[in-house]
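Undergrad: This is a predicted model, with the sequence first.
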Amino acid sequence: MHPTGRARGTSSRRLHRALSGGAAVVVALALSGCAGQEQSGTAAHRVSTWMVAGGGGSGIGNVGVAARNVDLALSGHNVPSAIKQVCALLSNEAQTAIGNLPTPDDQLTTELNAAYEDATAAGNDCFHGAGGDRTLMTRSAAERTRLIGMLDAVVAHVKRITGKTPTTETTAPQGGSDPFGGGS
């Protein structure tokens with residue numbers, strides 16, 4: 001026993017707990033100040049930031065390019081294995097883009113999620129139909145056509161929010177990280 005009548009180490013455990021609790025509060029406050037830029041500011045600012053920092057613009061672009069690559073492979077009468085590769089890439093790009101969700105705008109999130117789910121279905125139907133299943137290939141073609149319209153609607157929605165047409169380049173914008181690449 002300690003001379004004060006307490007078990008040895010009790011006061012040091014209390015001090016350690018108090019310091020640990022205080023440190024936890026400090027860390028929590030520091031982290032709350034580090035919320036992503038897409039979580040603060042005007043709707044235009046949040047969406048603009050998400051387009052760059054959240055990968056939104058490149059995600060949209062990658063899915064669109066992958067869908068067009070399927071069309072190119074099919075129009076070039078590529079062998080089924082090559083067609084399967086571009087179809088799998090479309091599904092993969094869509095799944096990667098889903099990982100960029102949610103956006104700072106609920107409607108935008110809903111629109112993009114629907115487009116990416118459609119892209120996944122188009123890629124999967126194409127992959128499984130590439131060996132000669134005309135039904136799956138026809139369904140994939142319809143899904144890809146619908147997808148392009150959905151992506152165009154998403155870009156229009158972003159323009160309504162921000163007042164500018166976003167870039168959907170598949171690489172990060174250069175010079176100042178302008179998500180609109182000088183668009184009007």
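TA: Good, I have the coordinates. Residues are numbered from 1 along each chain as shown.
Undergrad: how much space between Gln107 and Val158?
TA: Using CB to CB, to the nearest Å, we find Gln107 at a distance of 11 Å from Val158. Every residue, glycine included, has its C-beta placed from N, CA and C.
Undergrad: who has more neighbours, the two?
TA: The neighbour comparison of Gln107 against Val158 (other CB atoms under 10 Å) goes to Val158, with 29 against 12.
Undergrad: tell me the SS of the closest residue in space to Ile60 that isn't next to it in sequence?
TA: Among residues not flanking Ile60 along the chain, Thr168 sits closest, at 4.5 Å (CB to CB, 6 or more residues apart in numbering). The three-state label given to Thr168 by DSSP: H, G, I helix; E, B strand; the rest coil is coil.
Undergrad: wait, Thr168 sits on Gly57?
TA: Yes. Thr168 is in contact with Gly57 according to CB atoms under 8 Å; the separation is 5.3 Å.
Undergrad: out of the two, which sits in the more crowded spot?
TA: Gly57 (26 against 22).
Undergrad: Would you agree that one is in contact with Lys164?
TA: No. Gly57 is beyond contact range of Lys164, at 11.5 Å (criterion: CB under 8 Å).
Undergrad: Tell me how far the residue nearest to Gly57 when sequence neighbours are not counted lies from Gly99.
TA: Spatially, and ignoring its direct neighbours in sequence, Gly57 is nearest to Met51 (4.4 Å; CB to CB, 6+ apart). Look at Met51 and Gly99: by CB to CB, they are 15 Å apart.
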